[in-house]
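Enquirer: task: produce atomic coordinates for the following.
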Amino acid sequence: MIIQLKHNILSEQIAAIKSELDKYKYSSSVVNTQKNSYLVAIGKAEIDIRRIGILPGVADIHRVSDDFKMVSRKWKIEYSEIDFGDKVKISASELAIMAGPCSIESEEQIMKTVEHLKTNNIRFMRGGVFKPRSSPYAFRGAGIEGLKLFSNYCKAAGIKVVTEVMQSSQIEEMYPYVDMFQVGARNSQNYNLLDALGKVDKPILLKRGLSGTVDELLFSAEYIFSGGNEKIALCERGIRTYEKAYRNVLDINAIPYLKDKSHLPVILDPSHAVGIRKYVDNLALAGVIAGADGVIFEMHEQPEIAFSDGQQSLNFDESAKLYKRLRDTFEFRKLL
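Expert: Numbering: from 1, shown residues only. Coordinates of the predicted model:
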């Protein structure tokens, strides 16, 4: 169960609640987030939750049968939203579009991409500065200096920076320049990193693992939430299967499933799902119809000369057409 605590609760009152739970052999853990304080109680005995609900300091109480408690929709019926300020949000009521190159390559590239996004009223730019690559000889990112340039141009244009963090030791240095930390597929179950991001007051875009189940994705989100960070968006980016015709297999089923099981926003990444440029737009539209709260895709002025993932990146003209189609599809979905 999840016990929401009052903001002015006293330490003695928390101790009294824990003592009552001990009588039923329930273990309990305090979770303090940016928004509230909770007690997460785990046990098997039947409890009349009214006995707990009447205790001093308790604001609300919920039964949650899911093993992932804090990210479950069984206690929080309304979908969560992430507010970035400047009238930028990720929520169920508006479609978030995130676009940009796989890798930040140069100052000129950043300038041109930011100008393109600003012209098309896109408020999020994605771009990697630390790149986990399969080959150690491939381009592995522009590093912290690239991130500083990335951040400066985006801030001037009112665009939010979305970039991947690969290890907990990078968080502090990256923090001033990032609006949303991305956890890539290879780090989806890096629990040390997830624990560290739970202590960060910045939104997290959590990608599904290469062969991870949706429940494993939710458990990874639980690590971040239980560490104190409620600002989490889940990302379906395709999973590795026996199919070799394309990069990964987009699990479109995951979008309505996650929207049913969790109150967290769900973002679709069609670029990594298919890995083939000409299929990205239709998969993006399918994700919106399936209920995604946003789409993140790779875009480059000249994909043919991109340092990484050019084969799945749209060019500026293709991207502009997709922005319109995404917005039109989202408006259509609201009528269904």
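
Enquirer: could you list the buried residues of the strand or helix carrying residue 321?
Expert: Assigned by DSSP states H and E, residue 321 belongs to helix 316-335. Neighbour-count burial for helix 316-335 flags 316, 319, 320, 322, 323, 326, 329, 330 (criterion: 16 or more other CB atoms under 10 Å). Glycine gets a C-beta too; all of them are placed from N, C-alpha and C.

Enquirer: thought the first one was touching residue 115?
Expert: No - in this structure, residue 316 is not within contact of residue 115 by CB atoms under 8 Å, at 9.7 Å.

Enquirer: just the buried residues of helix 316-335 now: which is nearest residue 243?
Expert: Each of the buried residues of helix 316-335 was checked against residue 243 using CB to CB; the closest is residue 322, at 24.2 Å.

Enquirer: OK, contacts around the closest one?
Expert: Contact partners of residue 322, counting by CB atoms under 8 Å, 6 or more residues apart in numbering, are 280, 281, 284, 297, 314.

Enquirer: need the per-residue pLDDT for the third one.
Expert: Confidence per residue is given as pLDDT, and for residue 284 that number is 98.

Enquirer: and it, which of the three is it?
Expert: The local conformation at residue 284, judged by DSSP: H, G, I helix; E, B strand; the rest coil, is helix.

Enquirer: run a quick neighbour tally on the residue nearest to residue 105 when sequence neighbours are not counted.
Expert: What sits nearest to residue 105 in space, not counting adjacent residues and going by CB to CB, 6 or more residues apart in numbering, is residue 307, at 5.1 Å. The local packing of residue 307 (other CB atoms under 10 Å) involves 20 other residues.

Enquirer: residue 307 falls within a helix, correct?
Expert: No - applying three-state DSSP, one finds residue 307 to be coil, outside a helix.

Enquirer: from what I can see it touches residue 104, true?
Expert: No - look at residue 307 against residue 104 with CB under 8 Å: they stay out of range, at 9.1 Å.

Enquirer: show me where pLDDT drops low in this structure?
Expert: Filtered on pLDDT under 70, the chain yields the residue ranges 131-134, 137-140.

Enquirer: how's it carved up into domains?
Expert: Taking automatic domain parsing as the reference, the chain has its domains at 2-62, 82-335.

Enquirer: most tightly packed of the ones you listed?
Expert: With neighbours taken as mean count of other CB atoms under 10 Å, those reach their highest mean count in domain 82-335, at a mean of 19.

Enquirer: how far does that domain sit from its chain's centre?
Expert: 8 Å (CA atoms, centre = their mean, to the nearest Å).

Enquirer: other residues contacting stretch 84-97?
Expert: With contact meaning CB under 8 Å, 6+ apart, stretch 84-97 is reached by 79, 81-83, 122-124, 158, 160, 179-180, 203, 233, 265, 267, 288, 293-295, 323, 326-327, 330.

Enquirer: mind checking which of the residues you listed are in strands?
Expert: 82, 83, 124, 160, 180, 233, 267, 294, 295 (DSSP state E).

Enquirer: between these, which is nearest residue 241?
Expert: Nearest to residue 241, judged by CB to CB, of these is residue 267 at 21.1 Å.
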